[in-house]
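[1] next come a sequence and a model predicted from it.
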Amino acid sequence: MDSEKFSRVFNSENWDIDASTFFPALMRKVYLWMTLALVITALTAYLAGPLLFQLGGGGFTFLIAGAIEIGIVAYLSARINKLSLVQATVGFIIYAILNGVTLGWIFAVYPITSIFKTFVITAAMFGTMAIIGSVTKKDLSKMGGIASMGLIGLIIAAVVNLFLRSTMIDFIVSGIGVVVFTGMTAWDVQHIKESMARSGGAPGEQVQKQALMGALRLYLDFINLFISLLRFFGRLRE
């Protein structure tokens with residue numbers, strides 16, 4: 001939405017019409033940014049991931065990329081109000097690229113048919129929960145709190161399993177991950193809408209950056225839901 005359209009929307013005397021025009025447009029931008037990040041990640045994973053495995057530097061490279069990813073998310077979350085929209089967008093794109101590098105292993109382990117099937121299932125589940133989070137009148141903050149605690153448990157279990165290398169624990173973690181990220185998707189969509197409403201709909205970079213951070217949250221929900229489902233629906237290469 002350009003500045004002229006923002007001006008037309010918010011300078012009108014009829015706020016109800018303006019809000020109904022502005023918020024759907026901004027949510028479309030959230031989903032557009034999220035989709036762009038998914039495309040960048042998928043292309044990077046498909047092109048760079050198998051190559052890194054062939055070169056034998058996969059593990060070390062993925063570890064470095066993963067550490068940088070965590071740093072980028074932490075930096076964007078802490079500094080989003082002080083960054084320009086261009087800086088925040090560049091950080092978002094770099095994160096999507098690095099995540100593609102760390103996810104490249106899936107193309108070396110799973111055939112493309114399994115990956116595509118899991119992607120379709122993930123998209124269907126994500127879309128359903130996004131609609132629920134968008135239209136429900138029920139406060140989902142309690143569910144979001146439970147999902148957040150579950151996420152902490154998932155991280156701890158995943159770290160422990162790095163040493164135990166238990167197939168059973170990995171299976172349980174994946175199952176819980178499906179439940180956690182399904183719930184978080186609905187909660188995040190509702191949270192994003194409420195955050196934008198509290199901003200008062202003021203035009204400018206601030207609300208655009210808010211939409212960008214919302215896209216990052218939904219992008220992470222989608223990616224983590226996809227990885228959890230892949231362990232159930234993906235068939236390893238023979």
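    Received the coordinates, thanks.

[2] show me where the chain has its helices.
    3-10, 15-55, 58-79, 85-102, 105-109, 112-135, 141-164, 167-198, 205-233 (DSSP state H).

[3] rebuild the ones you listed as TSV, extending it with mean pLDDT and mean neighbour count.
    C-beta coordinates here come from the backbone N, C-alpha and C atoms, glycine included. Below are the helices of the chain laid out as TSV (pLDDT from 0 to 100; neighbours: other Cβ atoms under 10 Å):
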stretch	mean pLDDT	mean neighbour count
helix 3-10	42	13
helix 15-55	77	16
helix 58-79	80	14
helix 85-102	92	19
helix 105-109	83	18
helix 112-135	94	16
helix 141-164	86	13
helix 167-198	89	18
helix 205-233	92	20
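
[4] was I right to think Y110 contacts F233?
    No. Contact criterion Cβ atoms under 8 Å: Y110 and F233 do not qualify, at 9.5 Å.

[5] check the gap between the closest residue to R217 other than its chain neighbours and F116 for me.
    Nearest residue to R217, sequence neighbours excluded (Cβ to Cβ, 6 or more residues apart in numbering): D188, at 4.8 Å. Look at D188 and F116: by Cβ to Cβ, to the nearest Å, they are 25 Å apart.

[6] try M184
    With Cβ to Cβ as the criterion, M184 and F116 are 24 Å apart.

[7] list the contacts of L230.
    Taking Cβ atoms under 8 Å, 6 or more residues apart in numbering, we find L230 in contact with 106, 110, 114-115, 118.

[8] V207: which of those is nearest?
    Nearest to V207, judged by Cβ to Cβ, of the contacts of L230 is T118 at 34.2 Å.

[9] tell me how far that closest one lies from M125.
    According to Cβ to Cβ, T118 stands 11 Å off from M125.

[10] which residues do these two both contact?
    L229.

[11] chain center to stretch 125-143, what's the gap?
    How far stretch 125-143 lies from its chain's middle: 16 Å, per Cα atoms, centre = their mean, to the nearest Å.

[12] now do that stretch: distance from first to last residue.
    17 Å (Cα to Cα, to the nearest Å).

[13] ok, residues contacting that stretch?
    Contacts for stretch 125-143 (Cβ under 8 Å, 6+ apart): 27, 182-183, 185-191, 193, 218, 221-222, 225, 229.

[14] so L83 makes contact with G91?
    Yes. With contact defined as Cβ under 8 Å, L83 reaches G91; the gap is 7.5 Å.

[15] overlap in contacts, those two.
    Taking Cβ under 8 Å, 6+ apart as the criterion, L83 and G91 both touch L76.

[16] that older thread, quick one: contacts for the residue nearest to R217?
    133, 144, 214, 217-218, 221.

[17] for those residues, which one is nearest S174?
    Distances from S174 to the contacts of D188, taken by Cβ to Cβ, are shortest for D221, at 15.4 Å.

[18] I appreciate the help and will end here.
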